[in-house]
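> sequence plus predicted model, see below.
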Amino acid sequence: MQATRERILYILKERRQATVDELSQELGLTAVTIRHHLEVLRTAGFVAEPVVRRRETPGRPQHVYVLTEKAGINFPRRYDHLATLILREVRAHLSSVEEMSEMMEHIGEHIAGQATLPDEGDFEARLAAVADFLDELGYMARWERRDDETYLLHIANCPYEKVATQDRAVCTMDLSLLTSLLGASPRRISWAAQDDDLCTYAIRRPGG
């Protein structure tokens, strides 16, 4: 990101809100320049529409700018580190590998329950809706037909990649997620966790 805009984001993060005049004074830039950067950030969805703040002294009202929730992606996050530590503690307190797998399967089923999918009668429509849902989760999914009864689902990105490299139980969750979404058990034929380019699953049409 352009350095000035990045600095504006950090100022708004620290102060929670700021006016054009305050940002102008802090950064040593003209109000016109600040407004230009704020408009770019607003268009990107990182800064909310300004709110009018009345002055306590005579003068025109000022516009106050704040960050949006989306702006959070521009600041450091360590969710992956926390998730890895949580999985490590959970594994240490479970008595068997089977219990860990069962827990991850339940998580996958829970995530699948958030999807709105068409009836299972039209499998290709369901597969397309599953790919869209996975995209919303950050998986970068696409599908293709191999033959009349078999399909391939390709996943280019694992949103939990850093966690999965530490604990493959995350991949158990993915299999459970896909099984619940598709109403069929997929067969993994390539695996990014084992240095393949993609995670690819072969899926046979239910009843086929």
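Thanks, I have it.

> which stretches of this protein form strands?
18-19, 51-53, 62-65, 141-145, 150-155, 187-190, 199-204 (DSSP state E).

> possible to save the ones you listed as TSV with distance to T84 and mean neighbour count?
Every residue, glycine included, has its C-beta placed from N, CA and C. Shown next, in TSV, are these (distance: least, Cβ to Cβ, whole Å; neighbours: other Cβ atoms under 10 Å):
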stretch	distance to T84	mean neighbour count
strand 18-19	36	19
strand 51-53	40	11
strand 62-65	36	18
strand 141-145	24	15
strand 150-155	21	19
strand 187-190	22	14
strand 199-204	20	20
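
> select from these the stretch with the lowest mean pLDDT.
Out of the strands of the chain, strand 51-53 stands lowest, with a mean of 85 (criterion: mean pLDDT).

> now the strands of the chain as TSV including distance to E98?
Shown next, in TSV, are the strands of the chain (distance: least, Cβ to Cβ, whole Å):
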stretch	distance to E98
strand 18-19	54
strand 51-53	54
strand 62-65	53
strand 141-145	29
strand 150-155	25
strand 187-190	19
strand 199-204	23
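
> now stretch 114-129: average pLDDT?
pLDDT averaged over stretch 114-129 gives 87.

> end-to-end on that stretch?
Terminal residues of stretch 114-129 are spaced 13 Å apart (Cα to Cα, to the nearest Å).

> give me the pLDDT for G72.
89.

> what's around it, how many residues?
11 (other Cβ atoms under 10 Å).

> mind listing the strands the lowest-mean-pLDDT helix or strand in the chain pairs with, and their directions?
Lowest on mean pLDDT, DSSP states H and E among the helices and strands of the chain sits strand 51-53, with a mean of 85. Strand pairing for strand 51-53, determined by DSSP bridges: strand 62-65 (antiparallel).
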